[in-house]
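Student: have a look at this prediction, sequence included:
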Amino acid sequence: MEPSPQPVPSAPVLAIEVRGLVKRFEDVVAVAGTDFEVPSGQCVGLLGPNGAGKTTTVEILEGLQQPTSGEVRLLGLRWDKDAKELRERIGIALQETLFPERLTVEETVRLFRSFYRRGLSVEEAIHLVKLEEKRKAYVMKLSGGQRQRLALAVALAADPELLFLDEPTTGLDPQSRRALWDVIDGLKGRGRTVVLTTHYMEEAQVLCDQVIIMDHGRIVARGTPAQLIASIGAEQVIEFATTPSLPAEDFAEVPTLVSSRPRGDGHTLSVKELHRALPGLLSIVSSRGASLAHLSTRQATLDDVFLALTGRSLREDTAS
Amino acid sequence: MNSHHPLAQLILFRIRDFLRVPSALFWVFGFPLLTTLALGLAFRDRELPELAVAVVDGPEAERLTPLLESVDGLTAQRMTEEAGRDALRRGRVALVLIPSPQPELIADPTQADGRTARLMVVDALERLQGREDRLTVRSQLVTAPGSRYIDFLIPGLLGFGLMSSSLWGLGWALVQMRTGKLLKRLVASPMKRSHFLLAFMTGRTMLAVAEILFFALFARYLFNVPMVGSYLAFMFLGLWGSTAFGGLALLVISRASNVETANGLINLVTMPMMVLSGVFFSSSNFPASIQPLIQALPLTALNDGLRAVMLDGTPLLALWPQVLTLGVWGFIPFLVALRYFKWM
């Protein structure tokens, strides 16, 4: 087996170019005209609730679905002309693939590795996802997190220039999720382009250089996580409750306030500057003769961005 | 071809997938053997039991008892008349003989055993009185291997087994791979679809070789079924049948996207053939009006062919209609399946 190749020098600057992408299923529009590009070597996150069009978009990029209209280029190549070469150069982890139950981890990776002309050795691929201890274990004996890591090892077997991960951590417990993040983070160091779909904003925030937020088949925002958070004009969030509880109008005068919304029996305020907002808030509470039952502050996250853009919380969609 | 070749890896995958599922091993090898044992036992050619006759104590009993005992198919014992009638009631003897110059026979004429015992005892007593046979009867006994039920059953069970393994083994595995998105993951790689199908067919054929050898061996050594024709012809026909059913399997599950649908479809195809195609009893029992249909079924062709080779020693060339029928049933569905097969 050949040693893993260095990043191809002739690689185009753009790993992915999408122009006017539309996908219709009978009467449903899954993707309603999207344009974006991904520079080589970046990790881009496609974010959105279930049904936002993430998986459809990714499957079109992977050449598994035909777009209704629009143009897609990967590594400067097109599916209708260069499918064979593209298959060799991309790696894919689908949402929840059931690998053969009675093959071992090693046998599964070897099977998939055999389809590619070049790539990693089986041992390297297993090492990258830290499954060495389970090399000889049957797939049926693996936990959910280990199965996802196996899917990743299979995707990495060809040492792809472009890697697609469709909801790699969905359904995993927080610990397995973090373990998988470490693995994916390690891949970015190898100079590969990664496209990741997720409905966990935190995941995108940790892993992605660029985030594309989708809703109802459209791109509603894109940029780095920091840009997106800055774009809603509020980088700090105050969550609090008072006794007795006070109406939202009372807090309209909080300095640097951007938006407020009810949260349980209290409120969530998005503000620009915490050091000015907080004293103002405290004085309003005491002037109304109320006292604070609870108060916490945090940095704004991509969840807040999604909420500000769509009026809906991602978490409501992902509660299941 | 080295072991890193995709085709080699895919074939290994198929073999492992089968060998590591104990229940699959049972259905392919254990089940037909047990069926044969059970049906063979139920329909085995038993020796008829000897009929017991009671001879009532008396002056002549001592002479008659050993004489009746020596008749083939009879046993005789002496007892009192009361004990004899009691034994008759309880079915321990078929007939009670009270010896005298005019012997008295007590038997139940509605029982086959009673009637037979009566004929045999009267015959023995007549001979004893000096009767001579006027007619010389020649008899031919048909208990030779080759014409028993088990001889009929085994080739039929093999045909049925090959059909089941092809449809369930191929069809079921493919549908599971489709529902688990494994097919989709495979076609998202540079894997050649022809390699994939070839690996399935190769795996299936290797298993069929084992199945056919296993049947031939247990038929020969466990049930003493002779192989009148050539083992090579038998093997060829079996593999041809297995491949034909493989093609049919691809068509049957070409669009099925869940295991319930696949289950129903496979049953729909196999059940009628299990009944009509002469697995457990001859298909000639069905009315002449549906015979053309029955003869056109692939399992009928396979079973008729296997029986002809095994029991009659028919050469392969003479079985061209069966070979052709199987070929048509395998090839056309395969072509249609290639066109409509749903990979994801």
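Tutor: The structure has been received and is ready for your questions.
Student: and chain B, what are its domains?
Tutor: B:6-41+B:145-340, B:51-128 (automatic domain parsing).
Student: confidence-wise, which of these is weakest overall?
Tutor: Mean pLDDT values for those show the minimum at domain B:51-128, a mean of 84.
Student: just the endpoints, please. Distance across that domain?
Tutor: 19 Å (Cα to Cα, to the nearest Å).
Student: starting at the chain centroid, how far to that domain?
Tutor: 41 Å (Cα atoms, centre = their mean, to the nearest Å).
Student: which phi and psi does the closest residue to chain A within the stretch 51-200 of chain B have?
Tutor: Proximity of the stretch 51-200 of chain B to chain A (Cβ to the nearest Cβ) peaks at B:Gly180, 3.0 Å away. Placement of C-beta: from N, CA and C, glycine included. Per-residue torsions, B:Gly180: phi -80, psi 10 (degrees, to the nearest 10).
Student: is it true that it touches A:Gln95?
Tutor: No. With contact defined as Cβ atoms under 8 Å, B:Gly180 does not count as touching A:Gln95 (11.7 Å).
Student: close to chain A: what parts of the stretch 101-250 of chain B are there?
Tutor: B:Met177, B:Thr179, B:Gly180, B:Lys181, B:Leu182, B:Lys184, B:Arg185, B:Val187, B:Ala188, B:Ser189, B:Pro190, B:Met191 (Cβ under 8 Å from any Cβ of the partner chain).
Student: just say helix, strand or coil for the residue lying farthest from the centre of chain B.
Tutor: In chain B, the residue that sits farthest from the middle, by Cα atoms, centre = their mean, is B:Pro59; the gap is 55.1 Å. Following DSSP: H, G, I helix; E, B strand; the rest coil, the label given to B:Pro59 is coil.
Student: which ones are touching the spatially closest residue to it that is not a sequence neighbour?
Tutor: Using Cβ to Cβ, 6 or more residues apart in numbering or on different chains and skipping residues adjacent in sequence, the residue nearest B:Pro59 is B:Pro99, 7.8 Å away. Residues in contact with B:Pro99, defined by Cβ atoms under 8 Å, 6 or more residues apart in numbering or on different chains, are B:Val55, B:Val56, B:Gly58, B:Pro59, B:Glu60, B:Ala61, B:Leu64.
Student: and the gap between A:Leu142 and chain B?
Tutor: 14 Å (Cβ to the nearest Cβ, to the nearest Å).
Student: phi and psi next, for the residue in chain A that chain B sits nearest to.
Tutor: Among all residues of chain A, A:Leu98 sits closest to chain B, at 3.0 Å; criterion: Cβ to the nearest Cβ. Per-residue torsions, A:Leu98: phi -90, psi 100 (degrees, to the nearest 10).
Student: what's the burial count for the residue of the stretch 51-200 of chain B closest to chain A?
Tutor: By other Cβ atoms under 10 Å in any protein chain shown, the residues close to B:Gly180 number 16.
Student: number of residues surrounding A:Ser291?
Tutor: 10.
Student: give me the neighbour count for residue 76.
Tutor: Using chain A. 13.
Student: try again with chain B
Tutor: Neighbours of B:Ala76 (other Cβ under 10 Å): 24.
Student: pretty sure A:Ile219 is in contact with A:Ile213, am I right?
Tutor: Yes. Counting by Cβ under 8 Å, A:Ile219 does reach A:Ile213; the two are 7.0 Å apart.
Student: which residue ranges form the strands in chain B?
Tutor: B:51-56, B:74-79, B:95-98, B:104-107 (DSSP state E).
Student: pull the CA atoms of the second one into CSV?
Tutor: Spelled out, that is strand B:74-79. Only the C-alpha atoms of strand B:74-79 are listed here, as CSV (Å, rounded to 0.1, in the frame of the first residue of the first chain):
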residue,chain,number,x,y,z
LEU,B,74,-46.8,-66.3,12.4
THR,B,75,-45.9,-66.8,16.1
ALA,B,76,-47.9,-69.3,18.2
GLN,B,77,-48.2,-69.8,21.9
ARG,B,78,-50.2,-72.2,24.0
MET,B,79,-52.7,-70.9,26.6
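Student: buried ones in that strand?
Tutor: B:Leu74, B:Ala76, B:Gln77, B:Met79 (16 or more other Cβ atoms under 10 Å in any protein chain shown).
Student: now for the longest helix anywhere in chain B, which elements pack on it?
Tutor: Counting residues, the longest helix found in chain B (DSSP state H) is helix B:193-221. Of the remaining helices and strands, those touching helix B:193-221 by 3 or more Cβ pairs under 8 Å, 6 or more residues apart in numbering or on different chains; DSSP states H and E are helix B:6-19, helix B:31-42, helix B:149-164, helix B:231-252.
Student: show me the strands in chain A, by range?
Tutor: A:14-25, A:28-39, A:43-47, A:69-74, A:90-93, A:162-166, A:193-198, A:210-215, A:218-223, A:236-243, A:257-263, A:266-271, A:291-299.
Student: how about JSON lines for the ones you listed, with distance to chain B and mean pLDDT added?
Tutor: Below are the strands of chain A laid out as JSON lines (distance: least, Cβ to the nearest Cβ, whole Å; pLDDT from 0 to 100):
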{"stretch": "strand A:14-25", "distance to chain B": "14", "mean pLDDT": "92"}
{"stretch": "strand A:28-39", "distance to chain B": "16", "mean pLDDT": "91"}
{"stretch": "strand A:43-47", "distance to chain B": "17", "mean pLDDT": "92"}
{"stretch": "strand A:69-74", "distance to chain B": "13", "mean pLDDT": "94"}
{"stretch": "strand A:90-93", "distance to chain B": "5", "mean pLDDT": "94"}
{"stretch": "strand A:162-166", "distance to chain B": "9", "mean pLDDT": "93"}
{"stretch": "strand A:193-198", "distance to chain B": "14", "mean pLDDT": "91"}
{"stretch": "strand A:210-215", "distance to chain B": "22", "mean pLDDT": "91"}
{"stretch": "strand A:218-223", "distance to chain B": "24", "mean pLDDT": "91"}
{"stretch": "strand A:236-243", "distance to chain B": "39", "mean pLDDT": "89"}
{"stretch": "strand A:257-263", "distance to chain B": "39", "mean pLDDT": "84"}
{"stretch": "strand A:266-271", "distance to chain B": "39", "mean pLDDT": "88"}
{"stretch": "strand A:291-299", "distance to chain B": "38", "mean pLDDT": "88"}
